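*Asks:* Quick one, structure for this:
(one chain, ligands or ions: 3)
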Amino acid sequence: MQTLAQHLTTQGIQAPLAQLLTTLADTSKAISDAVRHGALAGVLGATEQENVQGETQKKLDVITNEMLKDALKADNSVRGLASEEEDHIVEVGESGDFLVCFDPLDGSSNIDINSLVGTIFSVLPAPQGELSEQSFLQPGRQQVAAGYVLYGPSTMLALTTGQGVQLFTLNPETNEYLLTNEAMSISKDTSEFAINMSNQRFWEAPMQTYIADLLLGKIGPREKSFNMRWIAAMVGDVHRVLSRGGLFTYPTDNKNSEKPYKLRLMYEANPMSFLVEQAGGKASTGYETIMDIQPSEIHQRVAVILGSANEVDACLEYHGQDYSEEPSL
Ligand SMILES: O=P(O)(O)OC[C@H]1O[C@](O)(COP(=O)(O)O)[C@@H](O)[C@@H]1O
Ligand SMILES: [Mg+2]
Ligand SMILES: [Mg+2]
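*Replies:* Ligands and ions are numbered 1, 2, ... in the order given. Reported below is the predicted structural model:
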């Protein structure tokens, strides 16, 4: 089995990017260790702080953010970073080739129940000139690499540099990532979907109708039974989609009119969309392709519908229809 380093060489990845991906992978090993030790390392529970998005930070959100920030600051291929847990962008070096956007710990609500969590990252080219938030506001299409690390029963790294998606498993004996799947591929069709059903009454009409039709099973217009899963950590749900197909969505809702979307474009939706497209799937908001969105700010949120291509298309058909006759939400 190839190590991550051997794989990056085989793929012809240039030294600065290989160095950055190694930094991210090495830091994830330390995060995996902290997560694994849990209460024994005193890393569980919440802090008294909120992040810029008004969410109470868990201790592990803060610890993992610091670990990644410190590691990236020491990497001369990095020019700047943006994180879910940082109010503003952080300038790292004057000459690095890359910008890194990350969600240091995805699935924060799972921490205290010892369930799946992960780290998500996106790598963008650093533009010339002075660094500002504007430098980061590039469509996901510009990403040169993206991936996630899943801290589950085994620690896994899914990575794309635009040459398919490779999955590595952390060998606990040697503390090395080994290539265990050379080409993750999402089946075109599926009979599994993932959505937080408790928000049903807040969704837009197209999503209401689409999910209602899935729930009708064989007697409905889709004429087949669907199964549902919800891990409450995008990283876990997307990993399942990459592993055995499926549709994952966190759609628009009107629960809070100031926050119609939950997931963040720059460090959740874009990197996951890059992985999903590279594995043969699709990723959309319902109205536009996620990776083509021109971001307006680093903590921007978007609706997300991703996964098996034919199922995403089926869902998009509902979004193309006229619901003006339907009772409004
Ligand atoms: O609380 P809900 O509605 O189940 O939301 C779960 C979603 O929120 C998230 O946990 C948000 O990510 P963070 O934990 O990084 O804030 C997603 O990973 C997940 O899909
Ligand atoms: Mg997250
Ligand atoms: Mg997070």
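*Asks:* The closest residue to Gln300 other than its chain neighbours - how many residues pack around it?
*Replies:* Excluding its sequence neighbours, the residue lying closest to Gln300 (CB to CB, 6 or more residues apart in numbering) is Leu265, at 4.6 Å. Every C-beta, even on glycine, is put in place using the N, C-alpha and C of the backbone. Neighbourhood size, Leu265 [other CB atoms under 10 Å]: 28.
*Asks:* Would you agree Leu265 is in contact with Arg301?
*Replies:* Yes. Assessed by CB atoms under 8 Å, Leu265 is found in contact with Arg301 at 6.8 Å.
*Asks:* rewinding a little: and the gap between the residue nearest to Gln300 and ligand 3?
*Replies:* Distance check for Leu265 against ligand 3: by CB to the ion, to the nearest Å, it reads 14 Å.
*Asks:* what does the stretch 101-250 of the chain put close to ligand 3?
*Replies:* Remark: the part of the stretch 101-250 of the chain in contact with ligand 3 comprises Asp103, Leu105, Asp106, using CB under 5 Å from the ion.
*Asks:* Contact partners for the second one?
*Replies:* I take that to be Leu105. If a contact means CB atoms under 8 Å, 6 or more residues apart in numbering, then Leu105 has Ile31, Lys58, Leu60, Asp61, Thr64, Asn65, Ile111, Val117, Gly118, Thr119 as its contacts.
*Asks:* sorry, back to before: need the residues of the stretch 101-250 of the chain next to ligand 3 in CSV with secondary structure, distance to Ala205 and pLDDT, can you?
*Replies:* Output for those, formatted as CSV (DSSP: H, G, I helix; E, B strand; the rest coil; distance: CB to CB, whole Å; pLDDT from 0 to 100):
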residue, secondary structure, distance to Ala205, pLDDT
Asp103, strand, 30, 98
Leu105, strand, 34, 96
Asp106, strand, 29, 97
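*Asks:* which among the residues you listed are in contact with ligand 1?
*Replies:* Restricting those to those touching ligand 1 (CB under 6 Å from any ligand atom) yields Asp103, Asp106.
*Asks:* contacts with ligand 2 among the residues of the stretch 101-250 of the chain next to ligand 3, please.
*Replies:* Asp103, Asp106.
*Asks:* confidence score at Lys59?
*Replies:* Lys59 carries a pLDDT value of 88.
*Asks:* gap between it and Val144?
*Replies:* Distance, Lys59 to Val144, using CB to CB, to the nearest Å: 32 Å.
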